[in-house]
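A.B. asks: Build me a model from this:
(one chain, ligands or ions: 2)
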Amino acid sequence: MPLSFRVLGGFGEDNALYVTVDTGQRISRLMFDCGDGCPHSLETGDLLAMDHLFFSHFHMDHISGFDLFFRVNFDRDEPPVNVWVPPGGTDVLHHRFQGYQWNLVGSKQRGTWDVHEVATEHIRTTRFYAREAFRTAHPQGERPRKPVIVAGDGFTVEAHQLVHGCVSLGYVVRELPRVNVDTAKMAARGFAPGPWVKRLRGPAATSSEVVAINGTEHSVAGLRSELLVTTHGDSVAYLTDFRMNVATAEYLAEHLHGVTNVVCESQYREADLQLAEDAMHSTASEVAKFASRAGIGRLILFHVSPRYLPDGLGGLLVEARTIFANTSFPDGW
Ligand SMILES: [Zn+2]
Ligand SMILES: [Zn+2]
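C.D. replies: Numbers count the residues shown, from 1 in each chain. Ligands and ions are numbered 1, 2, ... in the order given. This is a model prediction of the structure:
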């Protein structure tokens, strides 16, 4: 499958999400948050090849594993390391970069880091260099923020602002739709495969353009509308550390409608709603109600409070499943 994902970290531990998109020509690697032990469960080669690291927010449990990521990548220049952060996050990362003794780095150091701060109306990028011991923040300009913040090879990433006392960014990775030739229809028409098939996948045709099949000419535009089928790709959302209040539930149900996989925080059980409200987190049943309303495919609950560990997490899962049946914990929990 082109899009796959894995929740990093077990229950009661820090968690993160690792996503890969394999187009057949290239594998893109994306990581969401960097909690303690999370990058440690990936291969060094995958960390070195990480295309983007996205942070939801900077509470400790989401950045405690960053040292390893930084150690592996601090001197990477090609491509630069891309990190996406909520408002105020550039300063937090700048402090992290400078939290080491850099007396032995010199002009030969190549490391280049681009930190993209996702605000309500714009995205501001700042560049940092290892050769400068990460001292200077180099502004790279601002651009208006659109729903899609990254358009990668065969996928897009959207960011959504969630409420957690601070801004917590939620993200959605969507595979681009795939256009294929319907081989069953081809066979039914008696069309033998040939170079003409390649032409169908190419740019839109003029009304007069034709191709020859079995010695007979056919309009390319006509064949395209008859034989091409579009398959909507898979998608995965990463939503953590936020209060699922009425406005947020409404917003997410609209913007995440039909997403095939939603990895969502579920810090508390329903009986502990007051704790959820005080700590700006969500309960399993609130999350499940959103899932049902948004018509998503599968709900994966994570970032669960360790207070439920002594009695197991089964009760929390049952609460969610009563409302949205296709709910589970990550594989291996
Ligand atoms: Zn957290
Ligand atoms: Zn938090």
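
A.B. asks: Just give the number of residues close to the closest residue to D22 other than its chain neighbours.
C.D. replies: Distance criterion Cβ to Cβ, 6 or more residues apart in numbering; nearest residue to D22, sequence neighbours excluded, is P2 at 5.1 Å. From N, CA and C alone the C-beta is placed, and that goes for glycine too. Applying other Cβ atoms under 10 Å, we find 17 residues neighbouring P2.

A.B. asks: Check the gap between P2 and M244 for me.
C.D. replies: Separation of P2 from M244 (Cβ to Cβ, to the nearest Å): 30 Å.

A.B. asks: Tell me, what's the model's pLDDT at the residue nearest to D22?
C.D. replies: At P2, the model reports a pLDDT of 91.

A.B. asks: just K198 next, same as before
C.D. replies: On pLDDT, K198 comes in at 84.

A.B. asks: before we move on, what SS does it have?
C.D. replies: Assigned by DSSP: H, G, I helix; E, B strand; the rest coil, the conformation of K198 is helix.

A.B. asks: Closest to the centroid, which residue in the protein?
C.D. replies: Residue closest to the mean C-alpha point of the chain, counted by Cα atoms, centre = their mean, is V173 at 4.2 Å.

A.B. asks: Number of residues surrounding the closest residue to ligand 1 within the stretch 151-300 of the chain?
C.D. replies: Proximity of the stretch 151-300 of the chain to ligand 1 (Cβ to the ion) peaks at D241, 4.4 Å away. By the criterion of other Cβ under 10 Å, D241 has 25 neighbours.

A.B. asks: which stretch of helix or strand covers T156?
C.D. replies: strand 155-163 (DSSP states H and E).

A.B. asks: Run through who's touching that strand.
C.D. replies: 3, 21, 28, 30, 52, 54, 56, 84, 86, 118, 120, 145, 147-150, 167-176, 233, 239, 241-243, 245, 248, 251-252, 255-256, 280 (Cβ atoms under 8 Å, 6 or more residues apart in numbering).

A.B. asks: Also near ligand 2: which of those residues, exactly?
C.D. replies: The subset of the contacts of strand 155-163 within reach of ligand 2, by Cβ under 5 Å from the ion, is D241.

A.B. asks: Next step: the contacts of strand 155-163 restricted to helices.
C.D. replies: Among these, the members found in helices (DSSP state H) are 248, 251-252, 255.

A.B. asks: can you list the residues of this protein near ligand 2?
C.D. replies: Looking at ligand 2, the residues of the chain close enough under Cβ under 5 Å from the ion are 59, 241.

A.B. asks: Let me see the domain layout of the chain.
C.D. replies: Annotated domains of the chain cover 1-174, 178-231 [automatic domain parsing].
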